[in-house]
Structure formats: structure tokens, C-alpha cells
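>>> What follows is a predicted protein model with its sequence.
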Amino acid sequence: MKISIVIPAYNAGQTIEDVIDRIPESVYRKISKIWIVDDGSTDNTGKITDALAENNELIESIHLLTNSGYGKAMKTGLDAARLQNPDVIVCLHSDGQYAPESLPALVQVMDDKSLDILQGSRLARGKKALAGGMPIYKYLAGMALVRLENRVFELSMTDYHSGYILYSRRALSVIDYRWLSDSFDFDLEMIASARAHGLSIGEHPIPTTYANEVSHLKPIRYGLRVLRVLIEYKRGKYHACMVKH
């Protein structure tokens, strides 16, 4: 199995090296490329990612001139990763909140179940997310959104919002993600598009660790974006987000 990893990075100078170091060797042997997309950072992220790329032939550093949004960084990374035709593309965040150590299990589940999208779930183990430091308001809001999302998508997921996601080659050949959001709702739009086209979607528990990460997500604005995605899914928007062959 060939794996590519896309890491969107914004002002991640203090964490990005640790994230790379924590990728397990069992996964590292299968990696064709790690694409770090510096999303117009104003700290030393760009210099660090360039140094990482210079010292490791598996790493490529991409720089966006201005901060263009999480979704834009993901699209840029996915475009680059697809050129190598990997079996699986992993979205791994640069702040260290999502454990690279979970990758072997996630990749194995993806393969065993022949999934097109695998969502890492912080909430699959219930209140253990709170023990990992998840703020209570995020836990309650997440549970409320998940109930609504399951009703709309007709799924039985526990988390749609971790950002720790694996995509199959098939998913990225079917979904025309270029037309999706440049913001944090990009991940949910990918799931909505996959559901609209009958692709297989699953989840697997991941540990929840909240420490000193700086979040650039605005909760209220993001919640409204989630509601917009659900409304537009019901209206059929995501059935049109399909690559034309």
C-alpha cells in the first residue's frame, strides 16, 4: 500500500517537527511523500518545513503566499498527492492534537473494510474525550451536531469534525473537491460529497488530547457553516461535485 500524507500548516513552527518525528516506522515504510502545505504562516513554519524537506527526501514543502484557509491548503496538498497515485491519502494536522501514533490502526481499518473515507473519531469512546481535555462546550456541541448530521446523511457516526481523515484513491477520483469550501467545513463537505455518490464511509476511535494548541477555528461561524452544508446536501448540491470523466 502506498500512502501520502497531507499536512496543512499555519503558524505551526513549534509543533510541526514533533508531528513528523512521531509518525510510526511501520507507516513510514509505506509513505511515498509527505506534503506540508504552509498556509501563509507569519511565524517560522516556512523555514522549518523547508529544512525538513531538505533533510528528508520524503518531505515536500509547499508555500501559499497568503493565509488562504484550511480548505485551500487541503486542496493544494491533495492536488500534489494525487499526482503520485497513492492508495491512501492521510490528512494529518500540524499542531499535534491528532496522534500520528494512531496511523497504523487507521490505515489497517481503511484497508480491512475497503473504505473510501475513514474519519478518526474523538467521540467514539464517549466521555473519554473529556478526560483528554476536550472542553465541555465542544463536547456537547459536537454531540448535538452529530445527531443532526446522522439524520441528514443517514449514517451512524459519532464524530464528523476531528479533521483526522483518510481518503482512498477512488474517493479523490470521484469527488471534485476543487469546488468545495476553502474553510474548515471542507472536511464535512468531502463527507457530504462521498455520501451523495454512494462511497463507503467509516470511523475509528482516536485519542483526544487538548494541550496548548492554538485553534484558528471560530466555533459559532463553523457551526453555521455546518448547518449550511447540511441544507445544501438536502438540496442536492453535493451530487454535482463529481469529477467528469
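Alright, I've got the coordinates. Residues are numbered from 1 along each chain as shown.
>>> use CA for all of it now, contacts and neighbours both
Will do.
>>> nearest spatial neighbour of Leu172, skipping sequence neighbours?
Nearest non-adjacent residue to Leu172, counting by Cα to Cα, 6 or more residues apart in numbering: Arg82, 7.8 Å away.
>>> ditto for Met190
Tyr177 (7.1 Å).
>>> What's the local residue count around that neighbour?
24 (other Cα atoms under 10 Å).
>>> And Leu224, by the same measure?
11.
>>> which residues sit against stretch 28-39?
1-10, 45-46, 49, 58-70, 73-74, 76-77, 80-81, 84, 86 (Cα atoms under 8 Å, 6 or more residues apart in numbering).
>>> typed the wrong thing, it's stretch 225-242
Contacts for stretch 225-242 (Cα under 8 Å, 6+ apart): 149, 152, 174-177, 179, 185, 188-189, 192-193, 196-197.
>>> Distance of Ile175 relative to Glu232?
The spacing between Ile175 and Glu232, counted by Cα to Cα, to the nearest Å, is 16 Å.
>>> more crowded one of these two?
When neighbours are counted by other Cα under 10 Å, Ile175 comes out ahead of the other of Ile175 and Glu232, with 24 against 14.
>>> For that one, give me phi and psi.
Dihedral pair for Ile175: phi -80, psi 120, per degrees, to the nearest 10.
>>> beta partners of it?
Met242 (DSSP bridges).
>>> same question, His204
Applying DSSP bridges, one finds that His204 bridges with Gly120.
>>> isn't it right next to Leu118, touching?
Yes: with contact defined as Cα atoms under 8 Å, His204 reaches Leu118; the gap is 7.2 Å.
>>> didn't Ser183 look like it was pressed against Tyr70?
Yes: applying Cα under 8 Å as the test, Ser183 and Tyr70 come out as touching, 5.1 Å apart.
>>> Average pLDDT for stretch 187-196, rounded please.
Predicted confidence along stretch 187-196 averages 97 (mean pLDDT).
>>> Phi first, then psi, for the residue lying closest to Ser68 once chain neighbours are set aside.
Nearest in space to Ser68, with sequence neighbours left out and distances taken as Cα to Cα, 6+ apart, is Asp39 at 6.4 Å. The phi/psi pair for Asp39 (degrees, to the nearest 10) reads phi -90, psi 60.
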